[in-house]
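**Student:** Mind looking at a prediction? Sequence and model below.
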Amino acid sequence: MGMEIQNGAIAAGIKGRVSIVLMVLGLMSCGATDAPTPSVTASQTPAIAADSWSTGEIDSLRQWVRCAPRDALPSPDAGALEAAVASGDQAAIDEAATALALKLARLHLFGTADTAQRAGWRIKDTDTSIDLPSRLRAAISKDDVDGFFNGMRPSHPDYAALRSAYAEETDPERRKTIARNMERWRWMPHSLGSSYVLVNTASFEASLWRNGARQKTWPVIVGKRSTPSPVFSATITGVVLNPWWHIPASIIREKRGNFPARLGYVKTANGYSQKPGPNNALGEMKLVMPNPFSVYMHDTPSKSLFSRDVRAFSHGCIRVGDALNFATTLLDGAKSREEVDQIVETRRTTTVDLPTPLPVYITYFTATRLGDGSFVVEPDIYNRDKRVPATASATDTECSA
C-alpha cells in the first residue's frame, strides 16, 4: 500500500526533498616542504539534503559514469544506483545517485593519486574549499547535471588539449603518459588567476597567461637531473635589475671556495657574493618571488645554452631566455624597455615593483601543448612519471560527456 502511494506521487510528478547521510571523500591540503601532500579519504560523513533525481538526471549521471575513461579516470561502480532504481524507492534512488555523483565529481576535481604518488608536488590545490554537495543540490534543482560535471573538469586549455590527444592516441605508452599529465592537472587549482606565469620544466618553457589565453612564451633552462627544479607556486612582486648573487652554501661546497675576484666575487661574513656585471651568474635581472626553496627565475650570461633541445643545466633555478624582454613584459608598463636598458647600463642594483603581483607556477608536465600550439610528449628527465597513476582503458565510442 505504501509503495502504491509513493509510485502514485512519482507518476504525478511530485518532487520531494529528502535528507540523506553519505560517506564522501575528503582531500588534505598541500603544505610546504614538510607538509603532507593531498590525498583522497572517505572519512567524512556530512548530512546533506538533495532534490529528488528525475529519470533524465539519472540517465545523465549514467552517461558521465560510463564516459569517465575519456578523462583517463576509472568508472565508479554504479551497482548501488541500479539496485535502487530497480527497487523503485525514490529515497534510495536519491541517496545512491547523490553518493555516486559526488564520488565521480571528486575524481574529476582531485584525481586518483594518493599521498605517495603526489610526492614532490607542492602547488596547493585550493579546490578543497569547494562545497560539492551544495553545488550538486543546485545542479539537480536546475536539471543541470551535465553542467555540474563539466565544472569539475580542469578548466585550463592545456587540459583540453591533453584530453583531445588522449582520445586520438593509439600507442599504449604515450597514452599512459598523457593520462598521467591529465591527472597532474587535477592537482592544480581550478583557477590559476586572471594573469599568471606558468613554467613547465619538462618542456623548458615559461609562458605568461592573461585573461585565459597564453600571451607569450620564453625558453628556459632548468635544474640538472642531480639538482631538479622543484614543483611549487609563488608570487612575483617585482624585478631586480643588476642583481647581486648571494651564493648558496651548497654551491660554495661544490666549488670548494674557488671564487676568483676577477669574476666579481667578494668574500662576505656569510660566504661569497658576486657583484652585478656581465659575468654575474644571475645575469642582468632576477624576479622577486619569495619561496622556501630559494629557487628563482633569472637571466644568465650563458646564452648559448638556449640553443640546446634539452636544457637541464642549473642547480634548480629557472634561467630565462631574452630575460630583459621577459622582465619588461611582466612590468606591464611600469618601465619601458628603454628605461630597463638604461637602468641595466648603470650597473646599480634596482628593484622595480610589478603594478600587480603575479602568481607563478613551476610545474612538470611531460605531455603538453607548447607555445607554438603543437602537442608533444617530452622525455621524463626527472623520472617522475612512474609514480603517477595512469588509467588508460578503452573508451566507449558512444560517449558524449
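**Tutor:** Looks like it arrived, so ask away.
**Student:** alpha carbons only for contacts and neighbour counts from here, please
**Tutor:** Noted.
**Student:** In which helix or strand does the residue positioned nearest the centre of the chain reside?
**Tutor:** Centroid-nearest residue in the chain, with Cα atoms, centre = their mean: residue 188, separated by 2.7 Å. Assigned by DSSP states H and E, residue 188 belongs to neither a helix nor a strand.
**Student:** Now it. Nearest residue, chain neighbours left out?
**Tutor:** For residue 188, ignoring the flanking residues on the chain, the nearest one in space by Cα to Cα, 6 or more residues apart in numbering is residue 125 at 5.5 Å.
**Student:** Angles on the backbone of the one you found, please.
**Tutor:** phi -90, psi 100 (degrees, to the nearest 10).
**Student:** Please tell me I have it right and it contacts residue 185.
**Tutor:** No. Proximity of residue 125 to residue 185 does not meet the contact threshold set by Cα atoms under 8 Å, at 10.2 Å.
**Student:** Would you mind giving the secondary structure of residue 237?
**Tutor:** Classification of residue 237 using DSSP: H, G, I helix; E, B strand; the rest coil returns strand.
**Student:** Repeat that for residue 286.
**Tutor:** strand.
**Student:** if we can go back for a sec, list the contacts of the residue nearest to the centre of the chain.
**Tutor:** 123-125 (Cα atoms under 8 Å, 6 or more residues apart in numbering).
**Student:** thinking again about what came up before, what distance do you get for the residue nearest to residue 188 to residue 208?
**Tutor:** Separation of residue 125 from residue 208 (Cα to Cα, to the nearest Å): 20 Å.
**Student:** list the helices and strands the helix or strand containing residue 176 packs on?
**Tutor:** Assigned by DSSP H and E, residue 176 falls within helix 172-185. Counting contacts by 3 or more Cα pairs under 8 Å, 6 or more residues apart in numbering; DSSP states H and E, helix 172-185 packs against helix 157-168, strand 367-369, strand 375-377.
**Student:** at 7 Å instead, please
**Tutor:** If you count contacts as 3 or more Cα pairs under 7 Å, 6 or more residues apart in numbering; DSSP states H and E, helix 172-185 packs onto helix 157-168, strand 367-369.
**Student:** so what strands line up beside the shortest one?
**Tutor:** Meaning strand 367-369. strand 375-377 (antiparallel) (DSSP bridges).
**Student:** pLDDT of the strand it pairs with, averaged?
**Tutor:** The average pLDDT for strand 375-377 rounds to 97.
**Student:** Now do the buried residues in it.
**Tutor:** residue 377 (16 or more other Cα atoms under 10 Å).
**Student:** Tell me the bridge partners for residue 214.
**Tutor:** Bridge pairing for residue 214 - DSSP bridges - gives residue 209.
**Student:** same question, the one 5 residues further on
**Tutor:** With DSSP bridges applied, the residues forming beta bridges to residue 219 are residue 205.
**Student:** In contact with it, which residues?
**Tutor:** 204-206, 306, 320-321 (Cα atoms under 7 Å, 6 or more residues apart in numbering).
**Student:** could you redo the residues you listed as CSV and give each row neighbour count?
**Tutor:** What follows is the contacts of residue 219, written out as CSV (neighbours: other Cα atoms under 10 Å):
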residue, neighbour count
204, 23
205, 21
206, 29
306, 17
320, 27
321, 23
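**Student:** Now compare these and name the two farthest from each other.
**Tutor:** Using Cα to Cα, those reach their maximum pairwise distance at 206 and 306, which is 12.9 Å.
**Student:** Which residue ranges of the stretch 251-400 of the chain form helices?
**Tutor:** 323-331, 337-346 (DSSP state H, counting those that start in this stretch).
**Student:** Can I get the longest one as CSV, trimmed to CA atoms?
**Tutor:** Backbone C-alpha positions of helix 337-346 (Å, rounded to 0.1, in the frame of the first residue of the first chain) are rendered in CSV as follows:
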residue,chain,number,x,y,z
ARG,A,337,62.3,48.5,-22.4
GLU,A,338,64.3,51.7,-23.0
GLU,A,339,64.1,52.5,-19.3
VAL,A,340,65.0,49.0,-18.3
ASP,A,341,68.1,49.1,-20.6
GLN,A,342,69.1,52.5,-19.1
ILE,A,343,69.0,51.0,-15.5
VAL,A,344,71.0,48.0,-16.6
GLU,A,345,73.7,50.2,-18.1
THR,A,346,74.2,51.9,-14.7
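**Student:** Check which residues of it are buried.
**Tutor:** Neighbour-count burial for helix 337-346 flags 337, 340, 343-344 (criterion: 16+ other Cα under 10 Å).
**Student:** ok, residue 347 - contacts?
**Tutor:** 242, 276-277.
**Student:** got a winner among these for most neighbours?
**Tutor:** For these, neighbours were counted using other Cα atoms under 10 Å, and residue 242 has the most, 25 neighbours in all.
**Student:** is it true that that residue touches residue 274?
**Tutor:** No. Using Cα atoms under 7 Å, residue 242 is not in contact with residue 274; the gap is 10.9 Å.
**Student:** Need the per-residue pLDDT for the nearest residue to residue 310 once chain neighbours are set aside.
**Tutor:** Excluding the flanking residues, the one nearest residue 310 by Cα to Cα, 6+ apart is residue 204, at 7.6 Å. Per-residue confidence (pLDDT) for residue 204: 98.
**Student:** and residue 204, what does it touch?
**Tutor:** Counting by Cα under 7 Å, 6+ apart, residue 204 has contacts 219-222, 311.
**Student:** try it again with 8 Å
**Tutor:** Taking Cα under 8 Å, 6+ apart, one finds 219-222, 310-311 in contact with residue 204.
**Student:** Let me have those in CSV, adding pLDDT and distance to residue 354 as columns.
**Tutor:** Shown next, in CSV, are these (pLDDT from 0 to 100; distance: Cα to Cα, whole Å):
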residue, pLDDT, distance to residue 354
219, 98, 22
220, 98, 21
221, 98, 23
222, 98, 24
310, 97, 31
311, 98, 28
